[in-house]
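Peer 1: Next input, structure requested:
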Amino acid sequence: FTSDTTMLSSSNLGSRRPQRTELTDDQMQELREAYDLFDSDKTGNIDLHELKVLMRALGFEVKKKEVVKLVHDADPNGKSTGDGMVDFNVFLDIMSDKYSERDPSDEVKKAFELFDDDKSGKIGMRNMRRIARELGENLSEEELQAMIDEFDRDQDGEINEEEFTYIMAQSNNDW
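Peer 2: Numbers count the residues shown, from 1 in each chain. You can find the predicted model right below:
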């Protein structure tokens, strides 16, 4: 029994958690900026409610119960702050796990649905005008049409979900 006990005590059972999934520089910057917005008093910590709202703002539908579990899993002994607050490192642990769970095809589908606000199954000129306006881009009709034409593989004057998926795959290859 002595050797078994020694092996258990010297194992990683007491360590905080496995190393986090590697985030890209863009993801790190996005998470830092988002965290800083919610850390309005600049203490370096946010509370559980702020974390839930922040995660939802980042596109993760979470409930209070899940947030509590995520924080406990990332910081089981409450070492980061000890008072139910979440520091940036715990936030990064949680978010790196959440990012790694994302299904890229599901993300592309959600993005397509943001463009296709009329639920027609296609992105046409009206959709493109709205998106450009929402993004504050002052693009001419010709520029918008050129964007559609560039990716309109079936030549119907609009971009369907398959064509949109192709666009997104091409843009990811540019990284």
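Peer 1: hang on, Ala132 packs against Leu144?
Peer 2: Yes - contact criterion CB atoms under 8 Å: Ala132 and Leu144 qualify, at 6.5 Å. All C-beta spots, glycine's among them, are computed from the backbone N, C-alpha and C.
Peer 1: ok, the two, which is more surrounded?
Peer 2: Set side by side, Ala132 and Leu144 show more neighbours around Leu144, with 19 against 16, by other CB atoms under 10 Å.
Peer 1: In contact with that one, which residues?
Peer 2: Going by CB atoms under 8 Å, 6 or more residues apart in numbering, Leu144 touches Met125, Met128, Arg129, Ala132.
Peer 1: Assign the second one to helix, strand or coil.
Peer 2: In this case it means Met128. helix (DSSP: H, G, I helix; E, B strand; the rest coil).
Peer 1: so what's Met125 up against?
Peer 2: Contacts of Met125 (CB under 8 Å, 6+ apart): Glu141, Leu144, Gln145, Ile148.
Peer 1: List just the nearest of those to Ala111.
Peer 2: Ile148 (16.2 Å; CB to CB).
Peer 1: From Glu113, how far off is the closest one?
Peer 2: 18 Å (CB to CB, to the nearest Å).
Peer 1: Comparing these two, which residue is more hemmed in?
Peer 2: Ile148 (19 against 11).
Peer 1: That'll do, ta.
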